[in-house]
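Chemist: Generate coordinates for the sequence data below:
(one chain, ligands or ions: 1)
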Amino acid sequence: MSTKKASLKDKETKNGTSKYVLERCASVCQYFDIAFKVMLLGDSAVGKTCVLVRFKDGAFLGGNFIATVGIDFRNKVVTVDNAKVKLQIWDTAGQERFRSVTHAYYRDAQGNLCSIKTLPGCVCCRMLRTRGCVRLSAFLSSALLLLYDITSKSSFDNIRAWLTEIHEYAQKDVVIMLLGNKTDMAGERVIKREEGEKLAKEYGVPFMETSAKTGVNVELAFLAVAKELKHRAAQQPNEPKFQIHDYIASEKQKSGCCGGYM
Ligand SMILES: Nc1nc2c(ncn2[C@@H]2O[C@H](COP(=O)(O)OP(=O)(O)OP(=O)(O)O)[C@@H](O)[C@H]2O)c(=O)[nH]1
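Modeler: Here you go, the predicted structure:
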C-alpha cells in the first residue's frame, strides 16, 4: 500500500470511518450507476460457466470439462441507455449435490443493499444514507438465465423442474430467460429450436439459442436482461413499459441472426 493510502487509512473521520475506505467506496460508486444480479442456472455441463466466460472475457473455455463446485461470481459493467449497469453474475453448479447451495442464493438475489463486498469494513450503505447517493441504491431486482444444451434431451426435459424450483425459491418478479446453448454443435442437435420456443412460450419467458463457443447471442442475452432490469428500476410513470421480446427481436433483425420466440 502506498504511503499516501496508508496515511489516509490511518486517519479517522468524525464518525469513526476511515477516510481511505470512504474514498474507495466513493470511487467504486462512481464506476457504475446501478447494480443487478444475474444467476446462471441449468443442468451440469449445459455451458453456464462457458457462457459467463464468453460474456466476461470474450473467450471460449474448451478442453476438459471441470464442473463448478458450489457457486462463484464475476462482475461486468455494461452501458444501458447511457447508464453504467453493473451485472454481478452468479455461476451456479448444475450438479444435484450442490442444489441446496443454489437455493440459498435465489432468495439472496434480491434486495442486497451493499454491493461493495470486496472492501473490508465497507461503509457504502452508511454513505447512501448520509450522502443521499441513490446510484448504488440496491440490487433492485435480479434475473435468471436458465440454460439447456441443445444436444442433451435430459437437460431440456429438466427445464420444467428448474422452472418449478425457480417459482418455489426465487422472488416473484425475477426476470427469467431460457437459453438453448451449444448451437454450434448442429450435427448433434436433439432439441429443435421450435421446441425451445414452445416451452418458453408456455412459461411466458423470452428465449434464444446461444453458443458460448462462437459467442452467438451471448452478449444479447445479458444485455436484454440488463435493459429489462434497468427499465424496471428507473421507469417513469408515464414512460412506456420496456418490451424485452421486442428488443430481442429488433436486435436479432439488426444482426440478421436466428429467430426465436420471445
Ligand atoms: N461446442 C460447445 N461446447 C460448449 C459450449 N458451452 C460449453 N461447452 C462445453 O461443455 C462443457 C461444459 O461446460 P461448462 O460451462 O463447464 O458447463 P456448466 O453448465 O457450467 O457445468 P457445471 O459447472 O457442472 O454446472 C465444457 O466441456 C465446455 O467446453 C458451446 O456453446 N459449444
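Chemist: From the centroid of this structure, which residue is nearest?
Modeler: residue 38 (2.1 Å; CA atoms, centre = their mean).
Chemist: could you point out which element follows the strand or helix carrying it?
Modeler: In this assignment (DSSP states H and E), residue 38 forms part of strand 34-42. Scanning forward in sequence from strand 34-42, with DSSP H and E defining helices and strands, the next element found is helix 48-57.
Chemist: For the next helix or strand after that following helix, which residues meet the burial criterion?
Modeler: Following the chain from helix 48-57 toward its C-terminal end, the next helix or strand by DSSP H and E is strand 71-80. Of the residues in strand 71-80, those scored as buried under the neighbour-count criterion (16 or more other CB atoms under 10 Å) are 71, 73, 76, 78, 80. C-beta here means a position set from N, CA and C on the backbone, and glycine is covered the same way.
Chemist: And the pLDDT at residue 139?
Modeler: pLDDT for residue 139: 40.
Chemist: The residue nearest to the centre of the chain reaches residue 222, doesn't it?
Modeler: Yes. Residue 38 is in contact with residue 222 according to CB atoms under 8 Å; the separation is 6.8 Å.
Chemist: any shared contact partners between these two?
Modeler: Where contact means CB atoms under 8 Å, 6 or more residues apart in numbering, the residues bridging residue 38 and residue 222 through contact with each are 87, 89, 145.
Chemist: So residue 183 belongs to a helix, correct?
Modeler: No. Residue assignment for residue 183, taken from DSSP: H, G, I helix; E, B strand; the rest coil, gives coil, which places it outside any helix.
Chemist: start the count at 34, not 1, going forward
Modeler: All set: I'll call the first residue 34, so the last point we hit is now residue 216.
Chemist: can you map out the strands along the protein?
Modeler: For the chain, the strands identified by DSSP state E occupy 67-75, 104-113, 116-125, 172-182, 208-214, 240-242, in order along the chain.
Chemist: The shortest one: partners in the sheet, and parallel or antiparallel?
Modeler: Think strand 240-242. For strand 240-242, sheet partners with direction are given as strand 208-214 (parallel), following DSSP bridges.
Chemist: Quick check: mean pLDDT of the partner strand?
Modeler: Looking at strand 208-214 alone, the average pLDDT works out to 97.
Chemist: again with stretch 260-267
Modeler: The model assigns stretch 260-267 a mean pLDDT of 86.
Chemist: Tell me the buried residues in that stretch?
Modeler: 260, 261, 262, 263, 264, 266.
Chemist: What's opposite the closest residue to residue 233 other than its chain neighbours in the beta bridge?
Modeler: In space, and not counting its chain neighbours, residue 233 is closest to residue 240: 3.4 Å by CB to CB, 6 or more residues apart in numbering. Beta-bridge pairing for residue 240 (DSSP bridges): residue 211.
Chemist: ok, residue 240 touching residue 212?
Modeler: Yes. The pair residue 240 and residue 212 passes the contact test of CB under 8 Å, sitting 7.4 Å apart.
Chemist: So between those two, which is more surrounded?
Modeler: residue 212 (29 against 23; other CB atoms under 10 Å).
Chemist: ok, the more buried one - contacts?
Modeler: Going by CB under 8 Å, 6+ apart, residue 212 touches 84, 178, 179, 180, 181, 240, 241, 242, 243, 250, 254.
Chemist: Verify the stated contact: the second one with residue 73.
Modeler: Spelled out, it's residue 178. Yes. The criterion here is CB under 8 Å, and residue 178 meets it with residue 73 at 5.2 Å.
Chemist: hang on, the earlier thing: export the strands of the chain as JSON lines, with columns for distance to residue 273.
Modeler: Below are these laid out as JSON lines (distance: least, CB to CB, whole Å):
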{"stretch": "strand 67-75", "distance to residue 273": "20"}
{"stretch": "strand 104-113", "distance to residue 273": "16"}
{"stretch": "strand 116-125", "distance to residue 273": "18"}
{"stretch": "strand 172-182", "distance to residue 273": "19"}
{"stretch": "strand 208-214", "distance to residue 273": "18"}
{"stretch": "strand 240-242", "distance to residue 273": "23"}
